[in-house]
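Student: this one's sequence-less:
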């Protein structure tokens, strides 16, 4: 009994000491100080990165390691822990852990080797180039279009080369069904740069950059939200769009433009303009984030589908545009090639955050510009926007609405101009006429254009509508071929809005 009582007393003393320790370190300021001291001691013992660890971090996995993983790796105290981290890094990505090989790791290292073999130039290893980055992230594309760069922008240079990489049905569910990347080698030196311009004249159909191409490694919360989609499968979207029933929960408009393309096709340019106040957004890191899926379906005159394109767009409020009425607009240009003929264009926009959809249906006629008759493309009207770095030469969006006295830029193309047999020079006269309610308001003095060794011309001019009252107007462009004694015209509606 006496030994038992002594044992009880000892246990009570031990419990008391534990209580004192708990109260001292957890209920006072001593514990945080102890933690800081421990962290400080750990920092002192931290070994610098070895060349192997530094190379692994900066040259092997820079495109696939997440920010959180990188932070953990840099905080590890020694090379032993870093080695364990690297081993676990590849294990987490092993698609089949039951096999002795790590298929992901093998494929990834193979991509690096192939990128270095095929995409390096001027002493720069292939993995550092834009094509190498995309190749390492997504693998070989399903289709590569390699051609001389024939864009109409100022990027065109003699010897410029363009490559378009197309991916479809990638295994990662966070990526769109179809992805396109356009690379431009402006001087034919092998330095292919990823083109991210939204300008339609660069023939860019998909405004994606490197960050967007591997966004599934970042902002996982945002992407997880965007996948909460009531129409997850493309088949469901097709069912909606092929019925040609109109939905207006996400209202938007589409502007269609047809101009001459290459060989036997024309170039159809579709500008889809979606007001952001009709979309749901997620507020992340102080920014409004949006996510939409766009489906384009084209049918022939028999109603048969001949083309389909599906694309996801995840964007933030900084890249939106503002209309003249103050409504913020997100404009999406899509460029495709179609032969001459009549088509049905069907566009569906799905708000991935709310599940709401909108549709747009229109019959579009694609003329045959090869019949050697004088012909015009559609008219493009631009509203200018000052770019601080490049000056007022950039035009951010197409528009049919303008403020009084605001500068308007007009652009169209003329085809099949007859040349003087001796001088090989074409002679054009262009006249602009403005109508209101079928009444001629004003017209411009004739503009003279000379063409040297070319039967096609691009007409571009700027003007201001002085003293035009708010209202709806019609602009007519009349073009005369003086040598052939032929003329043709094109018209477009525009609107003047109050300040």
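Tutor: Noted; the coordinates are in hand. Since this is a predicted model, take the numbers as computed values, not measurements.
Student: give me the phi and psi for residue 457.
Tutor: Backbone torsions of residue 457, given as degrees, to the nearest 10, read phi -140, psi 150.
Student: that one and residue 491: what is the separation?
Tutor: Residue 457 is 19 Å from residue 491, where distance means C-beta to C-beta, to the nearest Å. Where you see a C-beta, it was placed from the backbone N, CA and C, and this is true even at glycine.
Student: more crowded one of these two?
Tutor: Legend: neighbour count by other C-beta atoms under 10 Å for residue 457 and residue 491, higher for residue 457 (18 against 12).
Student: the more buried one and residue 487, how far apart?
Tutor: Taking C-beta to C-beta, one finds residue 457 at 14 Å from residue 487.
Student: tell me the SS of the closest residue to residue 457 other than its chain neighbours?
Tutor: With C-beta to C-beta, 6 or more residues apart in numbering as the criterion, residue 457 has its nearest non-adjacent residue at 4.6 Å, and that residue is residue 414. On the three-state scheme (DSSP: H, G, I helix; E, B strand; the rest coil), residue 414 is labelled strand.
Student: what's the burial count for residue 414?
Tutor: 25.
Student: which strand residues bridge it?
Tutor: In this entry, residue 414 is beta-bridged to residue 376, residue 457, by DSSP bridges.
Student: wait, doesn't it sit right on residue 459?
Tutor: Yes: counting by C-beta atoms under 8 Å, residue 459 is a contact partner of residue 414 at 6.2 Å.
Student: common neighbours of those two, please.
Tutor: The overlap between the contact sets of residue 414 and residue 459 (C-beta atoms under 8 Å, 6 or more residues apart in numbering) consists of 428, 479.
Student: residue 438 - how many residues pack around it?
Tutor: 6.
Student: the one 4 residues further on now?
Tutor: For residue 442, the neighbour count with other C-beta under 10 Å is 13.
Student: quick one, grab the pLDDT at it.
Tutor: Per-residue confidence (pLDDT) for residue 442: 91.
Student: now swap in residue 306 and tell me
Tutor: 85.
Student: is it fair to say it lies in a helix?
Tutor: No: counting by three-state DSSP, one finds residue 306 to be strand, located in no helix.
Student: correct me, but it touches residue 336?
Tutor: No: Residue 306 lies out of contact with residue 336 (C-beta under 8 Å); the separation is 10.6 Å.
Student: which residues sit against the helix or strand containing residue 494?
Tutor: Take DSSP states H and E as the rule and residue 494 turns out to sit in strand 486-496. Strand 486-496 is contacted by residues 373-379, 381, 400-404, 408, 412, 418, 465, 468-481 when judged by C-beta under 8 Å, 6+ apart.
Student: partner strands of it, with direction?
Tutor: Those paired with strand 486-496 in the sheet (DSSP bridges) are strand 401-402 (parallel), strand 471-481 (antiparallel).
Student: before we move on, back to that, overlap in contacts, residue 306 and residue 336.
Tutor: Joint contacts of residue 306 and residue 336 (C-beta under 8 Å, 6+ apart) are residue 298.
Student: of these two, who's got more company?
Tutor: When neighbours are counted by other C-beta under 10 Å, residue 306 and residue 336 differ, and residue 336 comes out ahead with 17 against 14.
Student: is that one in a helix, a strand, or coil?
Tutor: Going by three-state DSSP: residue 336 is strand.
Student: which of the residues in the strand holding residue 494 are buried?
Tutor: 488, 490, 492, 494, 496 (16 or more other C-beta atoms under 10 Å).
Student: in stretch 57-76, which residues are buried?
Tutor: 57, 60, 61, 63, 65, 69, 73, 76.
Student: quick check: closest non-adjacent residue to the second one.
Tutor: Leaving aside its sequence neighbours, residue 60 sits nearest to residue 112 (C-beta to C-beta, 6+ apart; 7.2 Å).
Student: pretty sure the one you found sits against residue 127.
Tutor: Yes: using C-beta under 8 Å, residue 112 is in contact with residue 127, at 5.4 Å.
Student: intersection of neighbour lists for these two?
Tutor: Contacts common to residue 112 and residue 127, judged by C-beta under 8 Å, 6+ apart, are residue 136.
Student: at which residues are the helices of this protein located?
Tutor: 2-26, 30-45, 51-55, 67-75, 79-92, 103-118, 130-138, 210-213, 220-226, 234-242 (DSSP state H).
Student: check these for me: which has the lowest mean pLDDT.
Tutor: Among the helices of the chain, helix 220-226 scores lowest, at a mean of 37.
Student: ok, what's across the strand from the nearest residue to residue 344 once chain neighbours are set aside?
Tutor: Leaving aside its sequence neighbours, residue 344 sits nearest to residue 299 (C-beta to C-beta, 6+ apart; 4.2 Å). With DSSP bridges as the criterion, residue 299 is bridged to residue 305, residue 344.
Student: neighbours around the closest residue to residue 181 other than its chain neighbours, how many?
Tutor: Closest residue in space to residue 181, ignoring its immediate chain neighbours: residue 165 at 4.6 Å, by C-beta to C-beta, 6+ apart. Look at residue 165: counted by other C-beta under 10 Å, it has 21 neighbours.
Student: hey, what's residue 165 bridged with?
Tutor: residue 144, residue 181.
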